[in-house]
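Engineer: pasting a predicted model and its sequence here:
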Amino acid sequence: MISINSLTVAYGGFTLLDDISFHISENDKIGLVGKNGAGKSTILKLVCGLQKPTSGKIEMPSDLRIGYLPQIMEHHKGKSVIDEAMTAFSELFSMEDELNSIMDELSSREDYDSPEYQKLIERMNDVNDRLAYTKSESPRVAAEKTLLGLGFKTEELSRPTETFSQGWNMRIELAKILLSKPDVLLLDEPTNHLDIESIEWLEDYLKAYKGSLVLISHDRKFLDNITNRTVEIMLGHIHDYKVPYSQYLELRKERIAQQKAAYENQQRMIEKTEDFIERFRYKPTKSNQVQSRIKQLDKLDRIEVDLEDNSALTVKFPPAPRSGDVVFKAENLSLGYPARDGHGEKVVFTGADIEVRRGEKVALVGRNGEGKTTLMRAVMGELEPLEGTAKTGYNVNIGYYAQNQEDILDKNDTVFGTLDRIATGDIRTKLRDILAAFLFKGEDIDKKVAVLSGGERARLAMAKLILKPYNLLALDEPTNHMDIRSKDILKQALKAYDGTLIIVSHDRDFLDGLVDKLYEFRDGKVTEHLGGVEDFLRKRRLESLNELERKARLPENEKPVEKAPTASRQEYQQKKFISKEERRVRNRIAFLEKGIEETETKMKSIEAVLATPGPSDDIMELTRQYLELKRDQDAKTSEWENLVESLES
């Protein structure tokens, strides 16, 4: 269907894509993978005709309809959400107008046997057939279903598009592309501005989609659930695997291992052959054998091992200074924005009880616009409560990663200058090393922020968090624009981080195994869920978060009626509180037990070094670390004993 033949893209002396060829067939669902800057987005632009190759060509049928969603786009203004989505049916509406025009003309003519009349009949049948094929349901119904699936509420469909953020406008553009039902979908990181529930909806849609799909995504589960083929771009070349992402990783590892083994075997054979030639080159009795070996080497098809791009982030957060036991606490918290510019007060959520304790790793999940970033602003002290209280604990020092890095980073500053402006003390001498760890090397450090890609800006913002030893990291969508390898390294660094973490993320794979508690934001309320993201789904007995969304959208008269408690309202609420408090205590006990075990392991490791110290071991520093761990363990053990005793009583 689409053939990419000997395609090369070069900029000056740098070759981005080097003589690549592959074919996109009907019903292919391709995951296009590779590091940031490898050329994935460039391939989509080439297929769309938005960019020209240096050499090579792309062949496709002239009537092939392509739907393309870029990472960054211009959004339309002046219409409501539903009206803008309905522009996807402009071709269909044109066909309906043409059909009506033909029928009007036929009704006014009487030259039934003329060629012109027959042509009108043929054209009417053709248009009618195309309409029947295209129009499977009412356009408005289809538009509403798609917009609701992508996270809009019914009451939001009549709002002007300009009253929504860039992320929500991206959803409108995605809805238009899906509604146009193209033959080929080219999607460049479509999940970047979607919450978990909308990702699940899009996942189901794309699995059922009948056309071809080329997908760029850094969401491992999204790729695994949708794609049946993986095309990897590495160092200008492509490697094509007929399997989803996780299977591709295994096959790629096997391929590289087999190549290396075959290469090493061949090198040993070549070495022995060359040794034979060198030893017997001047012996007449061996001349025939020597010539035979020389010809053998000349004809040998030399094995090459595919080059690998092994550059990767090196992230290690500084040790966290000790904070109080309670890092952040909110009671009966209502957050929103005060009345201004003629607009009334906007309340985002109410009545929230939130507690984050030292060392916990907590995720904030839910639909966009339900208050996750709003809570982050309260944690940072940027937003005062409308009701209730929100306080950080003793000696809490926050490192904040904001979602809108484009607005926060100074576009006129350089990469080096961004860190140099905020660094103090001895760390200033290590700025080049820190930037190199985040893949900014050589001339990269002199680049202006304005020319950086989304992934590069994300890495630069993360590098800022390494400059100081924070004991609370508040990260709002830190993995947007990060490639899969960088996300994996960041995840491991956060797991090893000994401070407290509050993270907003819609990446299920990233959150899985990282967090031990979630707060769900939905319909103006905040609910605590103990355990990880998979536990959250399992406890709610949902096969996917779609069901959760469906239940939330049921009209009031269709929602299940909760039976009134037989006890008094006060007793009922008290029981609910006790149950919730017991769950919190049990979760804290499990968290402390895990922490005590980890601390014991670290102490034993230090004890082993102190027992037989080497010449390079700093005995004073090791002793200091040991005593700090011992104090931490004593505090955790004491708290654990008190909590266990409270449960038993």
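Structural biologist: Now that the structure is in, tell me what you want to look at. Numbers count the residues shown, from 1 in each chain.
Engineer: so where's the stretch 101-250 of the chain shaky on pLDDT?
Structural biologist: By pLDDT under 70, the low-scoring segments of the stretch 101-250 of the chain are 129, 131-137.
Engineer: okay, and residue 615 sits in which element?
Structural biologist: In this assignment (DSSP states H and E), residue 615 forms part of neither any helix nor any strand.
Engineer: just give the number of residues close to it.
Structural biologist: 4 (other C-beta atoms under 10 Å). For every residue, glycine as well, the C-beta is placed using N, CA and C.
Engineer: OK, contacts around it?
Structural biologist: The contact partners of residue 615, taken as C-beta atoms under 8 Å, 6 or more residues apart in numbering, number zero.
Engineer: for stretch 496-515, what is the average pLDDT?
Structural biologist: Averaging pLDDT along stretch 496-515 yields 90.
Engineer: flag every buried residue along the helix or strand encompassing residue 21.
Structural biologist: For residue 21, the enclosing helix or strand under DSSP H and E is strand 14-24. The neighbour-count check on strand 14-24 (16 or more other C-beta atoms under 10 Å) flags 16, 17, 18, 20, 22, 24 as buried.
Engineer: for the first one, give its distance to residue 39.
Structural biologist: Read it as residue 16. As judged by C-beta to C-beta, to the nearest Å, residue 16 and residue 39 stand 5 Å apart.
Engineer: strands of the stretch 451-600 of the chain, residue ranges please.
Structural biologist: 472-476, 500-504, 517-522, 525-530 (DSSP state E, counting those that start in this stretch).
Engineer: returning to what we had before: so what sits against both of residue 16 and residue 39?
Structural biologist: 9, 236.
Engineer: rewinding a little: for the strand holding residue 21, name the packing helices and strands.
Structural biologist: Applying 3 or more C-beta pairs under 8 Å, 6 or more residues apart in numbering; DSSP states H and E, one finds that strand 14-24 makes contact with strand 2-11, helix 40-48, strand 55-59, strand 229-234, strand 237-241.
Engineer: switch those over to TSV; also include distance to residue 606 and mean neighbour count.
Structural biologist: Formatted as TSV, the helices and strands packed on strand 14-24 follow (distance: least, C-beta to C-beta, whole Å; neighbours: other C-beta atoms under 10 Å):
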stretch	distance to residue 606	mean neighbour count
strand 2-11	52	16
helix 40-48	45	20
strand 55-59	59	13
strand 229-234	41	21
strand 237-241	45	17
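Engineer: tell me which of the ones you listed sits nearest to residue 506.
Structural biologist: helix 40-48 (20.5 Å; C-beta to C-beta).
Engineer: pLDDT (mean, whole number) over the closest one?
Structural biologist: 91.
Engineer: list the contacts of residue 490.
Structural biologist: Contacts of residue 490 by C-beta under 8 Å, 6+ apart are 313, 315, 462, 478, 479, 482.
Engineer: I'd guessed the third one sits against residue 400; true?
Structural biologist: In this case it means residue 462. No: using C-beta atoms under 8 Å, residue 462 is not in contact with residue 400, being 11.6 Å away.
Engineer: the two: which has the busier surroundings?
Structural biologist: residue 462 (23 against 20).
Engineer: show the contacting residues for the more buried one.
Structural biologist: Contacts of residue 462 (C-beta under 8 Å, 6+ apart): 315, 401, 438, 478, 490.
Engineer: how close does residue 375 get to residue 584?
Structural biologist: Counting by C-beta to C-beta, the gap from residue 375 to residue 584 is 18 Å.
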